[in-house]
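Asks: quick check, what structure comes out for this input:
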Amino acid sequence: DHRDLHSFPTRRSSDLTLVKNETHENVTHLKRGTYDYYPRTRCRGSRFVIDDVSRTIAGHGFLPICLLENQQCFSSQITIIPVHRCWNSANNVLCVEYFFAPLTVVLNFIVFSTILTTKSLKKVPSMLLVSNLAISDFFVGVYSLVITSLRHAMSYQIFVGAMDQLCPFLGFLWCSCQFVAAVSALLLTTDRYIAIIFFVRPKAKFSLKACLISVIISWTIALLLASLPFLGIGSYTSTTFCLPIQPPKGIPHSFAYSAILVAIGVVLYGITIPMYLHIFLHVRRSGNRVGVKNNGKLAKKISILVFSNFMFFLLPTFIGFVWLFPKAFDSIPLTTREILVGSFTTICFSVNSFLNPLLYSFRDRRFLFVIRQRYRRLLHPSNIEIFNAISRTEARSNQHNMAQRRLFTISKTGLFSCTYDLG
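Replies: Coordinates of the predicted model:
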């Protein structure tokens, strides 16, 4: 058709070359006007929308060669739209985040705001470390709530267009907080380890100054590590969840960055395992020595928290690591894979951050004492003097009990041991 031939936009005579082949795959695609292409093992793909001119030419069985050889010609005749065949299914699973994420934010805010505004609590190293963990969990909750809301509010096409602006912030927030959470778990374990194993050496303790220095160093390293993708090492935009733990294997530095992140987390949590085994054996050998027994109870509470952190970190990162080897998921439906490496991962980290304050802070009598005191003041402001008197009485009673526990007692071996009640 002469009219169709001259209406096709071109700048060079070679671009006018047409090849007659009615059965060619590209001609078939051009005839349809719209077609989708997905890599076999991926949910993300592209939709090609063909211009009317190229569609008409293909309808006569011709293939314009410039579409294959000239990028400008291709762009003028074919519009590429990003598509995601698992988008809705993954987002439906994320609906549970509307329960966990807000509670995570609220509970952890209560924990760190209460500890940091209470003199008696923020002077205790273990409580300061718990507040540090609560701050990181708070921001994990913020990440989960924001990513879930954005995915539900935007179509995939709009979300992809906004990823370059959104993911660097969200990925940086997630990465730095996960590192701080792992370090906080290790520091909490170290604090209990020193208090129990070196119980007969009062000078051997995790001081408040050492605790503050450790917290500052952990945040400094976390921020530096999370900044590496801004320097071209790693990527926050390789997944629609803005996480750097499932990068394309074909990009060496991204793969290495992802593997290093997982390795650091596993090592930090893994170090706590022999420490808790040593604590357990030491407490059993110590029999009924009161101070060791009390510290052992506190260590048990912290061990539950650390084990929970470890499992909720290890499970999704293991799935993400296996995802790098496509053959491992060959027998699993594509939508299920996307849910496992995306939605399930996000939910795991969110649930972990939701459980942390419940597993430790809200089981600690000192923390609960302050919470009850503030609740009374809030609920009955007119009776604040009465409750202040009650609180002072309770405080004196607690101080008296603690003073009694600090008395030197004679163990069965005839040695003196100082029974500090740190829990």
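Asks: strands of this structure, residue ranges please.
Replies: For the chain, strands defined by DSSP state E occupy the ranges 18-20, 34-37, 44-50, 62-64, 78-84, 409-410, 416-417.
Asks: would you mind putting the ones you listed into CSV with mean neighbour count alongside?
Replies: No exception for glycine: its C-beta is placed from N, CA and C like everyone else's. Compiled in CSV, the strands of the chain are given as follows (neighbours: other CB atoms under 10 Å):
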stretch, mean neighbour count
strand 18-20, 13
strand 34-37, 12
strand 44-50, 16
strand 62-64, 23
strand 78-84, 15
strand 409-410, 12
strand 416-417, 14
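Asks: from Ile216, how far out is Phe313?
Replies: Using CB to CB, to the nearest Å, we find Phe313 at a distance of 23 Å from Ile216.
Asks: before we move on, the earlier item: wait, which of the strands of the chain is closest to Ser131?
Replies: strand 416-417 (29.9 Å; CB to CB).
Asks: who has more neighbours, Phe313 and Ile216?
Replies: Phe313 (22 against 11; other CB atoms under 10 Å).
Asks: which residues touch the spatially closest residue to Leu315 that is not a sequence neighbour?
Replies: For Leu315, ignoring the flanking residues on the chain, the nearest one in space by CB to CB, 6 or more residues apart in numbering is Cys348 at 6.1 Å. By CB atoms under 8 Å, 6 or more residues apart in numbering, the residues touching Cys348 are Phe312, Leu315, Pro316.
Asks: got the contact list for the residue found closest to the last one once you drop the neighbours it is linked to in the chain?
Replies: Looking back up the chat, that one is Pro316. With sequence-adjacent residues excluded and distances taken as CB to CB, 6+ apart, Pro316 is closest to Thr345, at 3.8 Å. The contact partners of Thr345, by CB under 8 Å, 6+ apart, come to Phe241, Leu243, Ile245, Pro316, Thr317, Ile319, Gly320.
Asks: relative to Phe198, which of those residues is nearest.
Replies: Using CB to CB, the contacts of Thr345 come closest to Phe198 at Thr317, 33.3 Å.
Asks: surely that closest one meets Tyr269?
Replies: No: here Thr317 lies out of contact with Tyr269, judged by CB atoms under 8 Å, at a distance of 10.5 Å.
Asks: gap between stretch 268-276 and the chain center?
Replies: Relative to its chain's centre, stretch 268-276 lies at 20 Å (CA atoms, centre = their mean, to the nearest Å).
Asks: same check, this time on stretch 228-237
Replies: 17 Å.
Asks: can you give me the buried ones in it?
Replies: Neighbour counts over stretch 228-237 (16 or more other CB atoms under 10 Å) mark Leu228, Pro229, Gly234, Ser235, Tyr236, Thr237 as buried.
Asks: and if you look at stretch 140-149?
Replies: Val140, Gly141, Val142, Tyr143, Ser144, Leu145, Val146, Ile147, Thr148.
Asks: of those, which pair is most distant in space?
Replies: Val140 and Thr148 (12.4 Å).
Asks: let me see the contact set for Lys20.
Replies: Gly61, Phe62.
Asks: straight-line length of stretch 340-349, end to end?
Replies: 13 Å (CA to CA, to the nearest Å).
Asks: quick check: mean pLDDT across that stretch?
Replies: Averaging pLDDT along stretch 340-349 yields 88.
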